[in-house]
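In: Please work out how this folds:
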Amino acid sequence: MLVVVLALGLWLLGWVLGTPKPLRWGAIGVLWLAAVGVNLALPEGHPLREMTGGDARVWLAVALGFAVVVGYRAMLSRLKSRVAAVNVPTPSAFSEAEVARYARHILLREIGGPGQRRLKDARVLVVGAGGLGAPVLLYLAAAGVGEIGVIDDDTVETSNLQRQIIHADQRVGMDKVESAEIAMRAMNPYVQVKPYKRRLDAETAGLIAEYDLVLDGSDNFDTRYLINQLCVAAGKPLIAAAITQWEGQLSVYDPAREGPCYACVFPVRPAPGTVPTCAEAGVAAPLPGVLGSMMAMEAVKLITGAGAPLRGRLLIYDALYAETRLIGVKRRADCTVCGAVH
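Out: The predicted structure follows:
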């Protein structure tokens with residue numbers, strides 16, 4: 001008790017005099033050494049030894065416990081500083097409003113501040129502002145992708161509104177890219193939207209070189225095979241999905257990073273008329289929302305580096321029976337599209 005009282009007295013005296021904490025801890029350390037010295041130097045039963053614990057091992061145990069506590073606090077402080085450095089964006093990267101908007105992303109260990117910055121710096125091209133493109137565009141805008149290009153040559157029709165949730169009844173007759181831009185800017189004013197009222201063809205292929213990632217939500221095989229060919233030539237990852245009636249499929253085609261291209265998985269183009277379109281066969285309203293949301297999720301993963309993307313895997317979703325299957329797919333050495341390029 002004598003040593004404890006003296007230690008408290010030294011600490012309070014130092015606090016009153018404004019002595020820095022390191023010096024106060026140093027004085028207590030000297031007191032600890034004196035207590036250890038007394039217990040080592042004096043014989044058992046000596047009054048002063050009894051007043052200071054009676055055994056040097058007591059003070060060694062106290063020192064060990066103190067070291068454990070200090071070490072734990074130092075480690076915890078270091079971990080907290082590392083988490084803060086990883087998860088909090090710099091003021092120059094985001095405004096206060098953006099930090100509040102993307103807070104749920106920033107809290108995710110796999111995204112954090114650096115991942116959100118990568119989203120802000122990303123440039124993504126979405127082909128098609130229809131059933132698949134609608135949720136893709138909305139979620140990319142909501143996620144904070146900095147620049148989003150959308151290419152489509154169609155106009156909004158009443159029959160689109162059953163599933164193309166980016167459009168509205170008041171915008172029937174408007175160009176789809178313009179309608180999509182209105183919805184995306186209303187969703188997030190901090191993203192840049194580039195609408196292209198045209199069809200993606202060989203003449204407009206240069207667009208792909210301006211973007212980091214391409215998402216294909218087109219509804220015909222000519223466009224799908226063309227986009228794949230252009231992405232392979234430009235070395236850009238391609239996220240492509242297709243839907244009909246109650247089923248959909250999705251994959252990431254990226255031969256530049258050891259994945260297959262679209263032509264590796266589907267080398268033979270279906271004959272005209274063998275695969276009915278949604279206009280011919282129908283489609284369940286939420287189905288493009290499910291697959292389109294998955295496309296947006298794959299895009300966020302590719303941009304931020306989170307998780308394992310669907311590169312080398314084909315996801316097949318059967319909404320009617322709530323079944324999902326994953327099929328492994330590989331590059332083909334004899335692929336006429338990516339085999340000659342890589």
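
In: quick check, Arg185 in a helix?
Out: Yes - counting by DSSP: H, G, I helix; E, B strand; the rest coil, Arg185 is found in a helix.

In: What are the contacting residues of stretch 294-312?
Out: Residues outside stretch 294-312 that contact it (Cβ atoms under 8 Å, 6 or more residues apart in numbering): 108, 110-111, 115-116, 118-119, 122, 124, 132, 135-136, 139-140, 143, 145, 212-213, 215, 217, 237, 239, 241, 250-254, 257-260, 315, 317, 328-330. Glycine gets a C-beta too; all of them are placed from N, C-alpha and C.

In: Please repeat the previous calculation with a cut-off of 6 Å.
Out: 110-111, 115, 118-119, 122, 136, 139-140, 143, 215, 237, 239, 241, 250-252, 254, 259 (Cβ atoms under 6 Å, 6 or more residues apart in numbering).

In: Kindly write the ChimeraX command that selects the buried subset of those residues.
Out: Buried residues among the contacts of stretch 294-312 (16 or more other Cβ atoms under 10 Å), as a ChimeraX selection:
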select :111,115,118,119,122,136,139,140,143,215,237,239,241,250,251,252,254,259
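
In: Quick one: mark the members of the contacts of stretch 294-312 that sit in strands.
Out: 215, 239, 241, 250-252 (DSSP state E).

In: Select, from the residues you listed, the two members most distant in space.
Out: Leu215 and Ser251 (11.9 Å; Cβ to Cβ).

In: ok, Gln229 - contacts?
Out: Here Gln229 is in contact with Val337 (Cβ under 6 Å, 6+ apart).

In: can you pull out the helices in the protein?
Out: Remark: helices assigned in the chain by DSSP state H are 2-17, 21-41, 47-51, 56-87, 96-101, 103-106, 112-121, 133-143, 176-187, 221-234, 262-265, 278-281, 287-304.

In: what's the average pLDDT for the longest one?
Out: Right, the one you point to is helix 56-87. For helix 56-87, mean pLDDT rounds to 66.

In: How about the first one?
Out: Rounded to a whole number, the mean pLDDT of helix 2-17 is 62.

In: just the last one next, same as before
Out: For helix 287-304, the mean pLDDT works out to 97.

In: what's the angle from it to helix 133-143?
Out: Counting by axes from the mean of the first three to the mean of the last three Cα atoms, to 10 degrees, helix 287-304 lies at 40 degrees to helix 133-143.
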